[in-house]
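> here is the input, now give the coordinates:
(2 chains)
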Amino acid sequence: MEAFDINSIPQEKFEFVADRDIMHDKPLETKHVGYLRDAFRRFRRNKGSVVAAVIILLLVLFAIIVPFCTQYSVSYTDQMYYCAMPYNKAFENTSFWDGCKEVTQGKKTTRVFYAMGEESGHNAIKNQEYTVDDGNYTYRLNSIHKVGVIYKTLTPSEYEAIQEYQDKHDVQIIYPMVPTANRPTDATDKLDANYYFVTRSKGGKTEIVYGDDGWSITPAYGKYLVGETTNDGYTSKMRIEGDEGVTIDGEKYYYTYSRIAGAGYEVRVNYYEYYKYYHAEIARDGIKEPKFLLGCDSLGHDILTCLSSGARFSFIFAIVVAVVNMLVGAIYGSIEGYYGGKRDLIMERISDILSAIPMMIVITLLKYHMGGASHILVLFLSFFLTGWIGMASTTRMQFYRFKNQEYVLAARTLGAKDRRLMFKHIFPNAIGTLVTSCALVIPSMIYSEVSLTYLGIINLSTGNITSVGTLISSGQAVMSTFPHVALFPSLFLMLLMLSFNLFGNGLRDAFNPSLRGSEG
Amino acid sequence: MYMFKYVLKRLGLMIMTFSIIMLICFVLIKLLPLSVPRALGEDPNLSYLRLEGRGYITNLVWKNGNVVGYDRVPILTQLWNYLVRIFTSGDFGVGITISEYKNAGVWDVFIEKLPPTILINIYSTLIGVPIGLGLGIFAALKKNKWQDQVINVIIILLVSVPSIVFALVIQYVFCFKLDWFPLLMESGTDYFSLAMFKSMFPAVFSLCLGSIAGYARFTRAELSEVLTNDYMLLARTKGLTRGQATLRHAMRNSMVVIFPSILSEFIAVLSGSLIIERMFSIPGVGGLYLDAINSKDYDFFMFLSGFYCLVGLLAGIIVDISYGFIDPRIRMGAK
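The predicted structure follows:
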């Protein structure tokens, strides 16, 4: 047998393994499926979770887009449109979502509402239609036009500006004045500009003086003979009596349109038109018309704007807190799990104690100590202080499972440092569980935020931020008469929690490879 | 003997955790500026005197009949005073700023507020647990049939939809629209009258929905796992009917997991739900806690925080320990 020098084997002695007859290793013929792709495939098979994901996406889009689309801002408020009903132009001719509320009232109240439509053409009673039953009138009351006219005192320049605006846009804002002598004597009705017709006082209550037919009314406007001059300073060509004036007993009269009150003019303005004028000319905030797709709450905030801004805040807040919690929890848990021993024992005690502190105590103490600071910071800190512990223990469990496996030993033998072992070799095993727990934690965080703002412990309603909890709380106060105020925020919350739960469950199953094949 | 040691160890750990939390809480509260009511018609001097009497402040400086300055007692001395008073006379402090309970003993007010909270939660447990268990058993027996699917959907709805929304809907439908129940809880202390129960019902109902869903889901999962075990097949071959086998063998084994959580629920009845109490205006401990937080009444806050913390810790321990008692196979804390 010829001896070889082991260090210099001639080249011709080598042959390729592949040239032999038996080939043990074959390239994989199926397509390689990665962990994420596999998880996604299993997630897609769960129909409920997919639907939930779509709903979540829609809610997120709602929260992102809507605040930019509405003409209102969160700080916008108008007490006149207290609890206005939802209005959608497409549903105007139905008796649903038309900005009206069905009411049953006595004759006097009904007549006052009816008169608003007669005077200005803005019908408080929808289409001026009502049904009478046993002296009770039932009709759909428009929550915008039911305000009618109000008394307002203007400075001379404001007064002129409105008249100019009237002439330019051909609309009537200022309606004829009712002299103080013709107003009702009752203390509250006296201030109500909608009594523009003849009334009398009976037993301390205002009564309408009807005509012979029992329904018609007589206007009680102040007036002067055509040709005379008055000091009301009204020069606008907009007159409800027309250029010719109104003929009473053969004499032609003009109505007076203001009453001099101190240095200013007291006028009767139609609030709907005045609102449009005010926002277009004075406030210049882009609000064109009082139209509230989801109505107003009890302070006159636009619910759509508040809800979408609240939702946006909730989403951003929850995601930021979840990410911070995940980062801190992952690092803490990695150190605990990797090093084990005494270090683990001490760190575990610390997080044990932290997790046993009720959330309420943390929040309250933080709130007391950070007196002037924004409540958002308080909320963030308290969610962070109690929230990262769950993430840390998840990571720690994963580390305990994997740190003694052979591949880690192999990496260590090859000279990998602790940090590389922790984050390159062991930590990726924990990502699936961490992402899932993140998805499950986000809705519970939103819910905690909503309940804390509902309870009034945390108040986020400053400037342009509000919270769904605040909306629910204000809606509950008027729930017996205006259920829509509480309905929309609760509906949002319900959809969100439901879909996040389904989504989270689907994600958990998808990221759990041990379930592979077990589901049908 | 082994169990006894384990229980002692757990209790010791719990007391340690509790003491540390309360110590932190106490120190953080004492670091805050004093909260003395300054509302119209109130005499802050009285509050200062009260605080001095409790050993929280000292060296009051008087000027024109008003307190203009004081020194804070060192925190550890305050803690000593506080603890001595608790252990010698059961005195947890008095209300300083909380509007209804100025100068009222914290413990007395707490005892007065406890019955509504406990009653509501006990009713809800008594209603919720049997219904939840029943639904769960039914669903497990009919697994993958339409009954199971319906129950599953109900469970998912009840679990996911937050109690805030349920409570709102219940209040709107039953109290406003149908007018079956009064809006507010009956006043007075006649806790076991029919009118009282009726007025509590909306709150009880909203509370028990959550526990119904929880128990139904839990029972269904446990029982359907047990039902697939081989010994169930053996029981059937032995000649037991399906009902007998389920009742005698499957139920007992699934109870090992379910029973502890029922036990812990009976501890948790003490704490109740802040949201439900606020929504239905229940004059309970939750409302008192919110009042204390909002009016910065530190003695009330300290005591109630300790109470909630203790209830939470106890409920956790009860679950762990009862596993060991119910199932002889489980040796808690064994190496």
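> helices along chain B, start to end?
Assignment of helices within chain B using DSSP state H yields the ranges B:2-30, B:44-53, B:75-89, B:106-141, B:146-160, B:163-170, B:194-227, B:230-237, B:242-245, B:251-268, B:274-279, B:285-294, B:298-326.
> show me what from chain A comes close to chain B.
Of all the residues in chain A, those in contact range of chain B (Cβ under 8 Å from any Cβ of the partner chain) are A:352-353, A:356-358, A:360-361, A:364-365, A:368-369, A:447, A:450-451, A:454-457, A:469, A:472, A:475-476, A:479-480, A:483, A:486, A:490, A:493-494, A:497-498, A:500-502. C-beta coordinates here come from the backbone N, C-alpha and C atoms, glycine included.
> among those, which are in helices?
Residues from the residues of chain A next to chain B lying in helices, with DSSP H as the criterion: A:352-353, A:356, A:360-361, A:364-365, A:368-369, A:447, A:450-451, A:454-455, A:469, A:472, A:475-476, A:486, A:490, A:493-494, A:497-498, A:500-502.
> can you flag the buried ones in those?
By the neighbour-count criterion of 16 or more other Cβ atoms under 10 Å in any protein chain shown, these include these buried positions: A:353, A:356, A:360-361, A:364-365, A:368, A:447, A:450-451, A:454-455, A:469, A:472, A:475-476, A:486, A:490, A:493-494, A:497-498, A:500-502.
> what residues does the stretch 51-200 of chain B put near chain A?
Selection of the stretch 51-200 of chain B residues close to chain A by Cβ under 8 Å from any Cβ yields B:156-157, B:159-162, B:164-165, B:168-169, B:171-172, B:176.
> which residues does A:Ile248 bridge with?
With DSSP bridges as the criterion, A:Ile248 is bridged to A:Glu251.
> A:Thr153 and chain B, how far apart?
Here the criterion is Cβ to the nearest Cβ, to the nearest Å. By it, A:Thr153 lies 33 Å from chain B.
> where does A:Leu59 land in three-state SS?
Put simply, A:Leu59 is helix when judged by DSSP: H, G, I helix; E, B strand; the rest coil.
> now do the contacts for the residue nearest to it when sequence neighbours are not counted.
When the adjacent residues along the chain are set aside, A:Leu59 lies closest to A:Leu496, with 5.8 Å between them (Cβ to Cβ, 6 or more residues apart in numbering or on different chains). Residues counted as contacts of A:Leu496 (Cβ atoms under 8 Å, 6 or more residues apart in numbering or on different chains) are A:56, A:59, A:311, A:443, A:446.
> what distance do you get for A:Leu496 to A:Val441?
Counting by Cβ to Cβ, to the nearest Å, the gap between A:Leu496 and A:Val441 amounts to 14 Å.
> over to A:Asp192?
Here the criterion is Cβ to Cβ. By it, A:Asp192 lies 54 Å from A:Val441.
> those two: who's more crowded?
A:Val441 (21 against 17; other Cβ atoms under 10 Å in any protein chain shown).
> list the residues that contact the closest residue to the more buried one other than its chain neighbours.
Of all residues not flanking A:Val441 in the chain, A:Ala322 sits nearest, at 5.6 Å (Cβ to Cβ, 6+ apart). By Cβ under 8 Å, 6+ apart, the contact list for A:Ala322 reads A:387, A:438, A:441-442, A:445.
> tell me the contacts of the residue most central in space within chain A?
A centroid search over chain A (Cα atoms, centre = their mean) returns A:Leu307, at 0.9 Å, as the residue closest to the centre. Contacts were defined as Cβ under 8 Å, 6+ apart; by that measure A:Leu307 touches A:294, A:468, A:471, A:488-489, A:492.
> among the residues you listed, which pair sits farthest apart?
The most widely separated members of the contacts of A:Leu307, counting by Cβ to Cβ, are A:Leu294 and A:Val468 (13.0 Å).
> let me see the ranges of the helices in the stretch 151-300 of chain A.
Per DSSP state H, counting those that start in this stretch, the stretch 151-300 of chain A carries helices over the ranges A:156-169, A:271-277.
> and these, which is most packed in?
Of the helices of the stretch 151-300 of chain A, the one with the most neighbours on average (mean count of other Cβ atoms under 10 Å in any protein chain shown) is helix A:271-277, at a mean of 21.
> ok, the residue of the stretch 101-250 of chain A at minimum distance from chain B - contacts?
Scanning the stretch 101-250 of chain A for the residue nearest chain B gives A:Glu102, at 14.4 Å (criterion: Cβ to the nearest Cβ). A:Glu102 makes contact with A:95, A:138-141 under the criterion Cβ under 8 Å, 6+ apart.
> same thing but at 7 Å, please
Taking Cβ atoms under 7 Å, 6 or more residues apart in numbering or on different chains, we find A:Glu102 in contact with A:138, A:140.
> can you check the one 5 residues further on too?
Under the criterion of Cβ under 7 Å, 6+ apart, the neighbours of A:Lys107 are A:135, A:137.
> A:Leu154 is in contact with A:Arg268, correct?
No - taking contacts as Cβ atoms under 7 Å, A:Arg268 lies outside contact range of A:Leu154: 11.2 Å.
> want to throw the helices of the stretch 151-300 of chain A into CSV with mean pLDDT?
Putting those into CSV (pLDDT from 0 to 100) gives the following:
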stretch, mean pLDDT
helix A:156-169, 86
helix A:271-277, 88
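> low-confidence stretches in chain B?
B:1, B:37-42, B:188-189, B:271-272, B:328-335 (pLDDT under 70).
> from it, which residue is nearest to chain A?
B:Ser160 (4.1 Å).
> neighbours of the residue lying closest to B:Leu223 once chain neighbours are set aside, just the number please.
Counting by Cβ to Cβ, 6+ apart, the nearest residue to B:Leu223 once its immediate chain neighbours are dropped is B:Ala140, at 3.8 Å. Neighbourhood size, B:Ala140 [other Cβ under 10 Å]: 23.
> rewinding a little: and the residues of the stretch 51-200 of chain B next to chain A, which are buried?
Listed as buried from those are B:156, B:159-162, B:164-165, B:168-169, B:171-172; burial here means 16+ other Cβ under 10 Å.
> so who does A:Ile144 touch?
Applying Cβ under 7 Å, 6+ apart, one finds that A:Ile144 lies in contact with A:81, A:84, A:99, A:272, A:290.
> the first one against A:Ser298, yeah?
No - with contact defined as Cβ under 7 Å, A:Tyr81 and A:Ser298 do not form a contacting pair (10.8 Å).
> between the two, which has more neighbouring residues?
Using other Cβ under 10 Å, the more surrounded residue of A:Tyr81 and A:Ser298 is A:Tyr81, with 22 against 16.
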